[in-house]
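>>> just to be clear, the model below is a prediction. Sequence and coordinates:
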Amino acid sequence: MRIDSPGLTTDLDLLRLQGSAVTDHGDHLVVRTEANPTFWWGNYVLVGGAARAGEVDRWVARFEEEFPEAHHRAVAFAQAGGDTDAWTARGWEVEGDVDLATTQVPVAGDVPDGTRLRVLTTDDDWEQAAQVGGRDTPEAQREGRLVFERRRVTAQRALVDSGRARWFGAFDDDRIVARLGIVRLGGLARYQDVVTLESHRRRGLAGALVRAAGEWAFEDPTVGELVIVAEDGGPAIGLYQRAGFTEVARHVGVSRAPADA
């Protein structure tokens with residue numbers, strides 16, 4: 001199945017590198033991550049076209065056929081637009097994503113005084129990264145979320161150990177207050193997991209991390225373009241555009257939480 005979105009193609013490349021299986025069924029892909037079954041966007045159906053109102057039942061059934069034990073439901077569409085109202089009417093959450101890219105080192109301001117940027121290396125660094133990932137989870141769901149985050153950190157560390165990736169953190173004393181990763185995938189390098197704690201937002205930390213990761217990625221002469229994905233309408237898009245990224249594609253995902261499925 002052909003996919004034009006660099007965000008989606010690099011998503012799939014990353015998942016394969018981390019042990020996920022991607023099976024092509026012609027007009028859709030089935031993505032499966034057995035090592036992390038609660039990873040929604042590691043266990044989902046990716047449809048080649050846009051959302052269509054008359055195909056909701058088809059894709060729900062297809063997901064349930066492939067993932068009969070899953071509590072979540074997740075279907076992605078490789079093209080933006082289409083009719084997502086039928087999904088919303090059934091209680092599904094619709095999320096649009098924007099792919100942005102640049103062929104230059106991103107522009108960013110200086111790191112604020114008292115903050116250090118460095119790569120994640122120690123067990124404590126990675127545990128803190130997992131904790132940051134679960135920062136906003138309600139207490140009743142926190143234990144399960146941390147299981148998911150720690151599984152994901154294990155896969156990320158394996159990418160770092162392979163030499164393909166680096167994860168960077170912004171540290172206030174010894175505490176991670178922002179972090180992200182970047183993975184070299186041939187001619188493209190893809191950013192991952194850009195997160196800043198609410199207490200440290202609007203200080204330029206995300207921009208500084210994006211620049212540092214881009215500098216590292218371009219040390220490999222085979223890398224010609226950096227790719228990052230942001231939520232449509234979210235505040236991150238402006239940050240990335242100011243750093244030099246431009247929009248190149250859009251796509252859509254629909255999902256239902258375990259309690260709703």
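Happy to help now that I have it.

>>> so where's this structure shaky on pLDDT?
258-261 (pLDDT under 70).

>>> any chance you could map the strands in it?
With DSSP state E as the criterion, the chain has strands at 21-24, 28-32, 44-47, 73-77, 93-102, 115-119, 165-172, 175-185, 188-196, 225-231, 246-256.

>>> turn those into TSV, columns for mean neighbour count and distance to residue 7.
Just so you know, the C-beta spots here come from the backbone N, C-alpha and C atoms, and that holds for glycine as well. Below are these laid out as TSV (neighbours: other C-beta atoms under 10 Å; distance: least, C-beta to C-beta, whole Å):
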stretch	mean neighbour count	distance to residue 7
strand 21-24	12	15
strand 28-32	19	14
strand 44-47	24	12
strand 73-77	24	11
strand 93-102	19	4
strand 115-119	14	24
strand 165-172	22	17
strand 175-185	22	12
strand 188-196	21	8
strand 225-231	22	4
strand 246-256	19	6
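
>>> would JSON lines of the ones you listed with distance to residue 147 be doable?
Formatted as JSON lines, these follow (distance: least, C-beta to C-beta, whole Å):
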{"stretch": "strand 21-24", "distance to residue 147": "21"}
{"stretch": "strand 28-32", "distance to residue 147": "18"}
{"stretch": "strand 44-47", "distance to residue 147": "19"}
{"stretch": "strand 73-77", "distance to residue 147": "18"}
{"stretch": "strand 93-102", "distance to residue 147": "22"}
{"stretch": "strand 115-119", "distance to residue 147": "25"}
{"stretch": "strand 165-172", "distance to residue 147": "19"}
{"stretch": "strand 175-185", "distance to residue 147": "19"}
{"stretch": "strand 188-196", "distance to residue 147": "17"}
{"stretch": "strand 225-231", "distance to residue 147": "25"}
{"stretch": "strand 246-256", "distance to residue 147": "19"}
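
>>> need the distance between the two termini of stretch 47-63.
Taking C-alpha to C-alpha, to the nearest Å, the first and last residues of stretch 47-63 lie 11 Å apart.
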